[in-house]
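K.L.:
Have a look at this fold, sequence not included:
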């Protein structure tokens, strides 16, 4: 799957300092504009996916954020809206979230998902793909950053 215009890497943490938040907002905007690819529809907003995990961490419903995104606004405005209604993560909480989510799939329950996707996509030789984020970046044509240590 080639890169999608307007869709950030899950590694991006420019929105609220949190990995994946900017990407989740991007997906919402793309869906609202009718531009979210079909491949993304089945995982969109799922409670056990990255979107759901982030919403669970923040203590807010995906649908509530989606409704706010539909009203428009900048990333910073939407992040502040989220933080005013849910968790405003402390520096320590932000660190814990970022470290947890960026390593998801690396020697944990998600490793089987990584292996399956690598096999399906002919990426078995790609030793740099060790996490869910790495797999997303690889499938969207981005080089993953160096793996977790």
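P.N.:
Arrived safely. This is a predicted model, so every value here is computed, not measured.

K.L.:
For residue 118, see how far away the most far-flung residue of the chain relative to its centre is.
P.N.:
Relative to the C-alpha centroid of the chain, counting by Cα atoms, centre = their mean, residue 125 is the outermost residue, at 24.2 Å. Distance, residue 125 to residue 118, by Cβ to Cβ, to the nearest Å: 9 Å. The way it works is simple: take the backbone N, C-alpha and C, and place the C-beta from them, glycine included.

K.L.:
next one: residue 32
P.N.:
Relative to residue 118, and taking Cβ to Cβ, residue 32 is found at 32 Å.

K.L.:
Residue 94 now?
P.N.:
For residue 94, the distance to residue 118 equals 30 Å [Cβ to Cβ].

K.L.:
So those two - more neighbours on which side?
P.N.:
Neighbours per residue, other Cβ atoms under 10 Å: of residue 94 and residue 118, the larger number sits with residue 118, 20 against 17.

K.L.:
and the helix or strand bottoming out on mean pLDDT in the chain, how far out from the chain's middle?
P.N.:
One helix or strand of the chain scores below all others by mean pLDDT, DSSP states H and E: helix 38-41, with a mean of 86. Here the centre of helix 38-41 is set off from its chain's centre by 14 Å, with Cα atoms, centre = their mean, to the nearest Å.

K.L.:
Now stretch 99-112: average pLDDT?
P.N.:
The predicted model assigns stretch 99-112 a mean pLDDT of 91.

K.L.:
Please tell me how far residue 95 sits from residue 119.
P.N.:
Residue 95 is 33 Å from residue 119, by Cβ to Cβ.

K.L.:
pretty sure residue 133 contacts residue 13?
P.N.:
No. In this structure residue 133 lies outside contact range of residue 13 using Cβ atoms under 8 Å: 11.1 Å.

K.L.:
Not counting sequence-adjacent ones, nearest residue to the spatially most central residue of the chain?
P.N.:
The centroid of the chain falls nearest to residue 20 when counting by Cα atoms, centre = their mean (3.5 Å). Spatial nearest neighbour of residue 20, excluding adjacent residues (Cβ to Cβ, 6 or more residues apart in numbering): residue 10 at 4.6 Å.
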